[in-house]
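*Asks:* quick one, structure for this:
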Amino acid sequence: MYPDKPLKKALWCFIVLCQVLFVHNQHAFAINGQDTPSFNGTVKAVSDPDAAPSLDYEITPKFSLGARIDLEATRKSNRDLNSRREDDRTDIRPEFTLALQYLPRPGLRLFTQMEYSERFRIRDRENSTQRKTNTEIEKLMLHLKPFIIPPLTLKIGRQRFVDRHEWFFDETLDGIQLVYTLRPFRIQAWWNTILINPDKPEDKIQNTVLSIRYRAHKKQEVHFFGIARNDPDHTKPQTYFTGLFFKIKNKPFKYWGMAALLKEKESGDKRDGVGFDFGASFHKKSPLKPVFTLGFAYASRQFHQTGLQDNQGKWGGIAKFKYYGEVFDPELSNLWILTGGAGIRPTRNSSIDLILHHYQQVKAERRIRDDGIRRSPRGENTDLGNEADLVAALRINKHVQLEWTSGFFFPGSAFSRSGTAFLLNLEVRFIL
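*Replies:* Got it, this is the predicted structure:
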């Protein structure tokens with residue numbers, strides 16, 4: 001996070017830099033189909049809350065901006081699976097996001113994204129309200145295209161690093177990214193971390209990533225990943241991932257899968273693990289455009305995800321959702337998860353998805369890695385339980401979208417309590 005004073009200094013420096021570049025560069029920059037600004041998620045900013053706002057306002061041919069307002073309310077109930085103990089809470093979170101882009105000359109782009117948010121947390125048990133205000137520079141980067149040679153591009157600064165399924169990583173970090181495109185191949189090399197004011201020890205971890213994508217045509221693609229995570233303070237294990245992602249479209253079916261091998265070193269100990277997630281969707285031609293999906297995810301006892309993942313996606317609807325459960329939401333480790341669901345599109349600008357999950361531990365343990373429940377299993381039974389989620393979205397126009405997410409987690413015999421956990425999330429997104 002960036003505190004207020006550094007934020008003001010950074011904004012001032014950015015404005016001054018823009019003015020200097022504008023004064024010393026009198027050549028007009030024509031925006032065409034090839035040179036239109038395009039950053040991670042910019043085009044799909046309405047449906048992706050993590051994407052930058054669309055740059056809809058062209059102040060000059062070189063300077064453009066976009067803004068978004070998100071209003072979100074979340075209700076969480078009985079996360080400790082104990083109906084006798086009050087742990088319900090409500091979070092209300094308004095957020096304003098501003099994106100600025102300056103194009104001083106062809107092939108050079110400067111981009112920043114700033115966010116201001118407030119969070120009001122209401123706890124039923126204490127009958128109290130907590131308020132937290134946050135201001136930060138979410139992104140601040142320079143983009144050179146081409147860099148040295150035409151197929152090579154460079155991005156340097158704070159930027160979003162994301163894979164297509166958000167299974168390996170989806171995180172905003174400080175770093176450098178080189179992209180070499182020579183169709184049908186696309187090679188990316190990243191180094192990233194958090195350089196300024198890391199909040200937690202794991203924020204200091206340095207990530208080195210090599211990604212190779214092969215896409216002969218739009219209906220088939222495969223990605224290969226090599227990921228190394230190194231803690232300079234040696235307080236966290238050194239982890240190495242080798243993985244792949246594939247997607248195949250063969251109407252009316254769509255197939256996808258992610259798989260990874262983990263090697264981890266810590267204080268002389270070595271651990272190996274494997275994890276994967278495979279799924280298929282059937283898209284039926286009819287007025288409601290129904291989609292039926294079945295997926296299976298598995299992780300061995302020693303496997304865990306990178307820690308940078310977000311585990312969110314879409315099956316064909318408008319809204320993203322957590323595909324391992326909105327309530328339970330575990331990191332894939334010592335688990336197998338069976339997922340099934342169906343979705344419809346009542347209109348072109350609306351969607352409804354019903355998602356069902358069943359969870360089992362590979363080996364019964366008293367620990368679940370990074371889940372949304374505030375109770376640990378007993379370690380005597382592998383049946384963790386089931387979850388049902390309902391996700392609905394309505395895109396009123398290209399500027400306004402409404403989303404409804406609700407989920408029920410029904411604990412299994414692995415837990416000593418049997419109360420149902422519940423989540424309700426309402427969000428309104430305005431693209432200004």
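
*Asks:* how many other residues sit next to residue 106?
*Replies:* Close neighbours of residue 106, defined as other C-beta atoms under 10 Å, add up to 11. C-betas here are computed from N, CA, C, even on glycine.

*Asks:* so for stretch 50-68, what's the average pLDDT?
*Replies:* When pLDDT is averaged over stretch 50-68, the result is 93.

*Asks:* pull that stretch out as PDB, backbone CA atoms only.
*Replies:* Taking Å, rounded to 0.1, in the frame of the first residue of the first chain, the C-alpha atoms of stretch 50-68 are listed here in PDB:
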ATOM      1  CA  ASP A  50      -9.800  -6.100 -11.100                       C
ATOM      2  CA  ALA A  51      -9.300  -4.600 -14.500                       C
ATOM      3  CA  ALA A  52      -8.500  -0.900 -15.200                       C
ATOM      4  CA  PRO A  53     -11.400   1.400 -16.100                       C
ATOM      5  CA  SER A  54     -11.900   1.800 -19.800                       C
ATOM      6  CA  LEU A  55     -10.100   4.900 -21.200                       C
ATOM      7  CA  ASP A  56     -13.200   6.400 -22.700                       C
ATOM      8  CA  TYR A  57     -12.300  10.100 -22.300                       C
ATOM      9  CA  GLU A  58      -9.800  11.500 -24.800                       C
ATOM     10  CA  ILE A  59      -8.600  14.800 -23.500                       C
ATOM     11  CA  THR A  60      -6.100  15.200 -26.300                       C
ATOM     12  CA  PRO A  61      -4.900  12.700 -28.900                       C
ATOM     13  CA  LYS A  62      -2.100  11.800 -26.500                       C
ATOM     14  CA  PHE A  63      -3.900  12.000 -23.100                       C
ATOM     15  CA  SER A  64      -6.900   9.900 -22.000                       C
ATOM     16  CA  LEU A  65      -8.500   8.900 -18.800                       C
ATOM     17  CA  GLY A  66     -11.200   6.600 -17.400                       C
ATOM     18  CA  ALA A  67     -13.000   6.300 -14.100                       C
ATOM     19  CA  ARG A  68     -15.100   3.800 -12.200                       C
END
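
*Asks:* wait, residue 273 sits on residue 303?
*Replies:* Yes: proximity of residue 273 to residue 303 meets the contact threshold set by C-beta atoms under 8 Å, at 2.9 Å.

*Asks:* where does the stretch 101-250 of the chain have low pLDDT?
*Replies:* Within the stretch 101-250 of the chain, not a single segment meets pLDDT under 70.

*Asks:* can you give me the helices in it?
*Replies:* For the stretch 101-250 of the chain, no helices are identified by DSSP state H, counting those that start in this stretch.

*Asks:* circling back to that earlier point, now for residue 273 and residue 303: what residues contact both?
*Replies:* With contacts defined as C-beta atoms under 8 Å, 6 or more residues apart in numbering, the residues shared by residue 273 and residue 303 are residue 262.

*Asks:* sounds good, over and out.
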